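[1] Using only what follows, build the 3D model:
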Amino acid sequence: MNIVGHITVLPNLPERIGRLLELAHNMYWTWQPEARRLFRELDADAWERSNHDPVIVLHQVDQQRLEAVAVDDAYVGTYDAVMARFDEYLASPGWFERTYPAPAGARPDLFAYFCAEYGWHESVALYSGGLGVLAGDHTKAASDLGVPLVAVGLYYPEGYFHQRVAADGRQEAVYTRTDAADMPFTLNVDEAGAPVVVSVHMFGRDVRVQSWRGRVGKVDVVLLDVDFAANQPEDRRVLLRLYGGDQRTRIAQEMILGIGGVRMLRALGLTPTNWHMNEGHSAFMALERCRELVEAGLTFDQAREVVAANTNFTVHTPVAAGNDAFTFDLINQSFGGFWGSLGLKQNEFHDLGRAAHGWGPVFSMPALALRFASGRNGVAELHGDTSRRIWSTLWPEVPVAEVPIGHVTNGVHLSTWMAPAIQDLITKTLGPAWRDAPDEESQWQRFASVDPAALWRARQSLKEQSLRFLRRRLQRQLSRHEVSPTVLKASAGLFDPTVLTIGFARRFASYKRATLIFRDLDRLEAILGDEERPVQLVFAGKAHPADQPGQALIAQIHTLSQDPRFAGKVLFVEDYDMAIGRALTRGVDVWLNNPRRPLEASGTSGQKASMNGVLNLSILDGWWPEGFDGVNGWAIGGGRNYADDERADAADADSLYALLEREVVPPGSRRRWGVAATRLARAVGGRHPLAHAHVQRAAHGQGVRRALLRAG
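    Sure thing, here's the model as predicted:
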């Protein structure tokens, strides 16, 4: 790739394969293995160096290679098949169009979905964890369902950090700048070719905002950007990093998302009929829409009623640190006289976000969002109950059970997270029609007829592939630590596919208790040290750069992995991303999840594991109380909420050890794995797009209904 100024000179795509650039700029390829293969075969080295980014591959591939594949019958045949499926997918009517045809003369539906992060693929590092991956999956499911959705987010040039774990276990945060030209995005421009720009007034000055357009199948994405010459240097850095900077940076980011997002949609000629705030980060969107209506002649109370009528809010984590709140002084500095444009006084503006839930005198973003939405939902049945209790103070005259917050249990995008080998096995068992109605439970009951030997072979193949990938990641980490050749050679024997493998991967927030299994080292040593029934534990996860307790947990696991009692049996893979997430949720035998109940909102990693035939060993928190049926995995603890953290940790650790000793590890449990994996594949395989369908039905005014997540 040759760069002159800001002009990128690209290889010239031969006409015969000329639509590769179009395909690279639609994230449809992220859930289509054959589409990814087209780019990997162009330049395998560039594919790996770029963390599987097809746009970079097209920038770097040799021109002669392009000319060669354009006359290669096998490559062109795959290309033609992929593009034919791509065109058919984009042209096909979806569930939404069939279910809710637009009345004649009515304005077409358009759902605006606001979120601070999106996880579409490991090469598009605009996500930190479950919230972003959920949002990415939501856009993919909306595309599959044909829901008319526009996703609004932020473009962070340095994204979220890459994790390096030093030889002593310290987490190091490494940031890498990525040019938007190397992402599957194009700049939004007007008819004259000039960037579409809006402005947001904050901290006493105007900040200019442009946007990048992305496509996720049929869904449009608008990512807001401030890193261009029209802004002052300090303003250009506001969106530099996801969840970076101080509170001043955070509120600026959220003003750009909420206020700038609404203004950008207007500038692009988009007129949503319904609006969705996914987490409190985007709550300022409601204020900007109220300002528009007040400017048009409504009173503030009238404007608020209109805005709330077509606005949904999804509540996420109940942990205080995950809910943004700002001092009133910072609100005054950032918003200036914005309250005047709403017809409000300063203290009345403060009251819009004032929360009396024990987190102090603050302007709470979730409280603001809850006050401006008519549809409010938690992300699992238990989480809905937890949210009603936490936010009941906003409705002091209403019994807690009647607080107007429902739930829609989160799901995941089937084609992204279910391994192709499992999808193929389902097709052989049920026929290809299962993809057209993955939410029909009756067909999953028929999957009980699957050949157990075929399912086991598929599971073992996935395990071998995934553990090889994880071994390469660990060897790269060891090479950076400059370990001896002997140690590096010995590492080739790690991640043994013949050993019972338990996986744990998620953000290393303290309440997720990553080290609960290490509470009694002698007891754990006895479990892992049985030569006849070997067990290995595989961990991955990041702690926020400012989360010192979370980083201490990583260091503790790293230290234990070098303890002679646990060497080779406890493994930590650095730089957790969606690629590692796929490998673990497909490749381990048992998925461990042990948060402190009821602080887990949903925990969708367990769903990803279960749809690949992996059994869950989990606290009855998040989605698991709805998914667990007594046969399809194991429940840690008795589903109690403890007021004392120490008591909770002691009781749950004892339950975890007992399950490992008596049920998970003993030889008799092997038969249980096969039966339960079959049942899980039947019961969980097709449920997830339905959960997203329910979110959209709620946004459409049909009411929030429970997702059908009960096992068969």
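
[2] Quick check: beta-bridge partners of Asn593?
    Asn593 has these beta-bridge partners by DSSP bridges: Ser618.

[3] I'd like the distance from it to Arg215, if you could.
    Per C-beta to C-beta, to the nearest Å, Asn593 is found 33 Å from Arg215. Quick note: C-beta positions are derived from backbone N, CA and C, even for glycine.

[4] Which one's more surrounded, these two?
    Asn593 (24 against 19; other C-beta atoms under 10 Å).

[5] for that one, what are its contacts?
    504, 506, 600, 603, 605-606, 616-619, 621-622, 624 (C-beta atoms under 8 Å, 6 or more residues apart in numbering).

[6] Which of those residues sits closest to Ala151?
    For the contacts of Asn593, the residue nearest Ala151 by C-beta to C-beta is Ser605; the value is 21.9 Å.

[7] Hmm, Val588 and the closest one touching each other?
    No - using C-beta atoms under 8 Å, Ser605 is not in contact with Val588; the gap is 10.9 Å.

[8] Which elements pack onto the helix or strand harbouring Arg65?
    Element membership for Arg65 (DSSP states H and E) is helix 63-69. Applying 3 or more C-beta pairs under 8 Å, 6 or more residues apart in numbering; DSSP states H and E, we find helix 63-69 packed against helix 33-42.

[9] Tell me the helix or strand right after the helix it packs on.
    helix 44-49.

[10] Format the CA atom coordinates belonging to the very next helix or strand once past that following helix as CSV.
    The helix or strand immediately downstream of helix 44-49 is helix 54-60, counting by DSSP H and E. Extracted C-alpha coordinates of helix 54-60, given in CSV (Å, rounded to 0.1, in the frame of the first residue of the first chain):
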residue,chain,number,x,y,z
PRO,A,54,-10.5,-8.0,4.5
VAL,A,55,-10.1,-4.3,3.8
ILE,A,56,-6.5,-4.3,4.8
VAL,A,57,-6.0,-7.5,2.8
LEU,A,58,-7.3,-5.7,-0.3
HIS,A,59,-4.9,-2.8,0.4
GLN,A,60,-1.9,-5.0,0.8
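
[11] Angles on the backbone of Asp220, please.
    With angles defined as degrees, to the nearest 10, Asp220 sits at phi -90, psi 150.

[12] Quick check: it touching Ser211?
    No - assessed by C-beta under 8 Å, Asp220 is found out of contact with Ser211, at 10.9 Å.

[13] Which of these two has more residues huddled nearby?
    Ser211 (28 against 18).

[14] Next, the contact list for Ala384, please.
    In this structure residue 384 is Gly, not Ala. Here Gly384 is in contact with 377-378, 405-407 (C-beta under 8 Å, 6+ apart).

[15] closest to Gln32 among those?
    Asn377 (30.5 Å).

[16] neighbours around that closest one, how many?
    With other C-beta under 10 Å as criterion, Asn377 counts 22.

[17] would it count as being in a strand?
    Yes - secondary structure assignment places Asn377 in a strand (DSSP: H, G, I helix; E, B strand; the rest coil).

[18] so it touches Asn410, yeah?
    No - taking C-beta under 8 Å as the definition, Asn377 is not a contact partner of Asn410, at 10.1 Å.

[19] Which residues does stretch 96-110 contact?
    Residues outside stretch 96-110 that contact it (C-beta under 8 Å, 6+ apart): 145-150, 270-274, 696, 700.

[20] Pull out the buried residues from that stretch.
    96, 100, 109-110 (16 or more other C-beta atoms under 10 Å).

[21] per-residue confidence averaged over stretch 217-231?
    Stretch 217-231 comes out with an average pLDDT of 98.

[22] Quick one: end-to-end length of it, please.
    Length of stretch 217-231, first residue to last, C-alpha to C-alpha, to the nearest Å: 33 Å.

[23] and if you look at stretch 509-529?
    Note: stretch 509-529 ends 29 Å apart using C-alpha to C-alpha.

[24] which residues does Ala505 form a beta bridge with?
    Going by DSSP bridges, Ala505 forms beta bridges with Ala540.

[25] Near it, how many other residues are there?
    24.

[26] I figured it was touching Gly606, is that so?
    No - if you go by C-beta under 8 Å, Ala505 and Gly606 don't touch, sitting 10.8 Å apart.

[27] And for Pro33, the neighbour number?
    13.

[28] My guess is it contacts Ala421. True?
    No - using C-beta under 8 Å as the test, Pro33 is too far from Ala421 to be in contact (10.3 Å).

[29] Now do the same for the strand or helix carrying Tyr113: mean pLDDT, whole number.
    Counting by DSSP H and E, the element that carries Tyr113 is strand 111-114. On average, the pLDDT along strand 111-114 is 98.

[30] after that strand, next one along is what?
    helix 130-145.

[31] Could you list the buried residues of that next one?
    Neighbour-count burial for helix 130-145 flags 130-145 (criterion: 16+ other C-beta under 10 Å).

[32] Same check on stretch 563-570?
    Here stretch 563-570 shows 566, 568-570 as buried, counting by 16+ other C-beta under 10 Å.

[33] Check stretch 13-23 too.
    13, 16-17, 20, 23.

[34] residues touching the nearest residue to Glu525 once chain neighbours are set aside, list them.
    With sequence-adjacent residues excluded and distances taken as C-beta to C-beta, 6 or more residues apart in numbering, Glu525 is closest to Arg565, at 4.9 Å. With contact taken as C-beta under 8 Å, 6+ apart, Arg565 is in contact with 521, 525, 529.

[35] residue farthest from the centroid of the chain?
    Most distant from the centre of the chain: Gly297, at 40.0 Å, with distances by C-alpha atoms, centre = their mean.

[36] element containing it, please.
    With DSSP H and E as the test, Gly297 turns up in no helix or strand.

[37] gap between it and Phe338?
    19 Å.

[38] could you pull out the helices for the stretch 351-500 of the chain?
    Here the stretch 351-500 of the chain has its helices, by DSSP state H, counting those that start in this stretch, at 365-371, 381-390, 414-417, 420-430, 441-446, 452-480, 485-490.

[39] And the buried residues of stretch 563-570, which is closest to Gln465?
    Gly568 (20.5 Å).

[40] What residues sit buried inside stretch 353-369?
    In stretch 353-369, counting by 16+ other C-beta under 10 Å, buried: 353-355, 357, 362-369.

[41] Neighbours of Asp351, how many?
    13.

[42] what bits of this structure have low per-residue confidence?
    Where the chain drops to pLDDT under 70, the residues are 1-10, 321, 356-360, 667-712.
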